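Participant: A predicted structure for the sequence below; I have some questions about it.
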Amino acid sequence: MRERFTGLWRHREFLKYWTASAVSDVGSQITALALPLIGALMLAATPWQMGLLSAAGGAPILLVGLFAGVWVDRLRRRPVLIAADVGRAVLLLTIPLASVLGSLTIELLCLVALLVGAINVFFDIAHLAFLPGLVEREHLVDGNAKLEVTAAGAQVVGPSLGGALIGLLGAPFAVLLDALSFLVSGWLIKRTRAVEPPPAAAVAGTSVWAEIREGFRVVRTQPLLRALIAAAGTMNFFGRMFLAVYVLYMTRDLGLGPIGVGLVLATGGLGSFAGALVTGPTTRRFGPGPMLVVSQLAFGLTGLLVPLAVLVPRVALILVVASEFGQWMAVIVYYVNAVSVRQAITPDRLQGRVNATMRFFAGGAMPIGALAGGALGGVVGLPWTLVVAELGTLLGFVWLFLSPVRELRALPSVERSAA
């Protein structure tokens, strides 16, 4: 038993950071369920308005993502993480306050989602850049997998707890727990010590745009990163098209209430948890490249259960639950390996900009997909929008299969990326 608690299990600073991540993940899952339910059930939002709400959270990556990468590379990452947690807590507190004052509207939800999304951009880029300074390179896959285990656990607990709390307290007040979770997370990160390299100072005469172009150049000239960005962009576009109308489909077509929707999403959390558990062993056995290809293919194939659910409505709920489990399991296997490859291949001074560039193009597809999903849902209906979205997710596999990614049997090195 003692031999099992080695490596990162004995890394006190990583364990603090891991705990902070777990706390905020649970709260975020509650809000991820609460916001669309407020729109769908309390404010009677249209498919287009639901698309706007979904797009609002992802739009900031297009607005500030590239600049955030430059700033993160110029700053210590830990203070950025702490400030982001506090800022998100303050913004989310406006939702229960507006509910008490009787001024809760779909416009306010979109504004809060937009501002929280902007802070999320800084947090996520700093988070991805912070881990390589917290753990050794050989522990990157293990560290990312452990963080995803707790994120997956939160995806089980969060929607289930959120559904119950929303039914008991109402969705606006359930968001209050997420605000408190960010404050706890910020306090724990403040207590985490990491050996961060000195921030990269801006070179005299070098503009912000020149630094952004440097991040672009790394991604453009690295075949592995090009394939990952294309696959992730395809998956994000069609995935967000799906999510834009998913809650409406479950509440209006399947007749589910907050608890039912929470339980369906919790099934996805179980899939995430399973994916996080198998990622380490399967990656060690087969290598990150094959697992990236297989997980992307599995994501598309398990998603085909949703079109089948539309065609066979008698068993629609069973098929939707099965798809939720399978797709989230595949997503986590993909994400852990993709992030680990990216972190390993990028010099520390460029971590922020490379992460920002990847998120700008791959994450930038999310709000576009959400708007497309909302618009399409108003034209062809919710079920057929889900069919189109899930068929589209199959395309992500092609980018990886036709690239050097499939031959990657171990994490690449910085030296290889510079060659």
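Facilitator: Good, I have the coordinates.

Participant: only C-alpha atoms for contact and neighbour calcs from this point on.
Facilitator: Will do.

Participant: now the stretch 151-300 of the chain, which segments are flagged as low pLDDT?
Facilitator: For the stretch 151-300 of the chain, the stretches with pLDDT under 70 are 152-153, 155-163, 167, 195-206.

Participant: all helices for it, in order.
Facilitator: In the stretch 151-300 of the chain, helices defined by DSSP state H, counting those that start in this stretch lie at 171-190, 208-221, 223-248, 258-286, 288-303, listed in chain order.

Participant: possible to save these as CSV with mean neighbour count?
Facilitator: Below are the helices of the stretch 151-300 of the chain laid out as CSV (neighbours: other CA atoms under 10 Å):
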stretch, mean neighbour count
helix 171-190, 23
helix 208-221, 17
helix 223-248, 24
helix 258-286, 22
helix 288-303, 24
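
Participant: Identify whichever of the ones you listed lies nearest to residue 38.
Facilitator: Proximity to residue 38 (CA to CA) singles out helix 171-190 among these, at 6.2 Å.

Participant: coming back round to it: make CSV from the helices of the stretch 151-300 of the chain and add distance to residue 367 to it.
Facilitator: As requested, these are exported to CSV (distance: least, CA to CA, whole Å):
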stretch, distance to residue 367
helix 171-190, 22
helix 208-221, 21
helix 223-248, 7
helix 258-286, 21
helix 288-303, 20
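
Participant: Of all these, which one is nearest residue 395?
Facilitator: Of the helices of the stretch 151-300 of the chain, nearest to residue 395 by CA to CA is helix 223-248, at 6.9 Å.

Participant: Report the angle between the closest one and helix 208-221.
Facilitator: 100 degrees (axes from the mean of the first three to the mean of the last three CA atoms, to 10 degrees).

Participant: now the closest residue to residue 22 other than its chain neighbours, what's its secondary structure?
Facilitator: Nearest residue to residue 22, sequence neighbours excluded (CA to CA, 6 or more residues apart in numbering): residue 150, at 5.4 Å. Secondary structure state of residue 150, per DSSP: H, G, I helix; E, B strand; the rest coil, is helix.

Participant: ok, residue 150 touching residue 20?
Facilitator: No: if you go by CA atoms under 8 Å, residue 150 and residue 20 don't touch, sitting 10.2 Å apart.

Participant: Compare the helices of the stretch 151-300 of the chain and give me the one nearest residue 345.
Facilitator: helix 223-248 (9.0 Å).

Participant: who's in contact with the nearest residue to residue 53 once chain neighbours are set aside?
Facilitator: What sits nearest to residue 53 in space, not counting adjacent residues and going by CA to CA, 6+ apart, is residue 110, at 5.1 Å. If a contact means CA atoms under 8 Å, 6 or more residues apart in numbering, then residue 110 has 52, 53, 56, 57 as its contacts.

Participant: among those, which one has the lowest pLDDT?
Facilitator: When the contacts of residue 110 are sorted by pLDDT, the bottom entry is residue 57 at 77.

Participant: now the angle from the helix or strand where residue 344 lies to helix 223-248?
Facilitator: If you go by DSSP states H and E, residue 344 is part of helix 316-345. Interaxial angle, helix 316-345 versus helix 223-248 (the same axes, to 10 degrees): 150 degrees.

Participant: mind starting the numbering at 204 from now?
Facilitator: Got it, first residue is 204 now, which makes that one helix 519-548.

Participant: and helix 519-548, how far out from the chain's middle?
Facilitator: Centroid displacement of helix 519-548 relative to its chain, using CA atoms, centre = their mean, to the nearest Å, is 11 Å.

Participant: Kindly provide the distance from the residue nearest to residue 349 when sequence neighbours are not counted to residue 569.
Facilitator: Using CA to CA, 6+ apart and skipping the chain neighbours, the partner closest in space to residue 349 is residue 479 (7.3 Å). Taking CA to CA, to the nearest Å as the measure, residue 479 falls 23 Å from residue 569.

Participant: Counting by contacts, list what the helix holding residue 547 packs against.
Facilitator: Applying 3 or more CA pairs under 8 Å, 6 or more residues apart in numbering; DSSP states H and E, we find helix 519-548 packed against helix 309-337, helix 343-372, helix 461-489, helix 491-506, helix 508-514, helix 617-621.

Participant: still on that earlier bit, my guess is the residue nearest to residue 349 meets residue 535, correct?
Facilitator: Yes: applying CA under 8 Å, one finds residue 479 in contact with residue 535, separated by 6.0 Å.

Participant: anything in contact with each of these two?
Facilitator: Joint contacts of residue 479 and residue 535 (CA under 8 Å, 6+ apart) are residue 351.

Participant: still on that earlier bit, right, so of the helices of the stretch 354-503 of the chain, which gets closest to residue 577?
Facilitator: It is, among the helices of the stretch 354-503 of the chain and with distance given as CA to CA, helix 426-451, at 6.1 Å.

Participant: and the angle from that closest one to helix 491-506?
Facilitator: 20 degrees.
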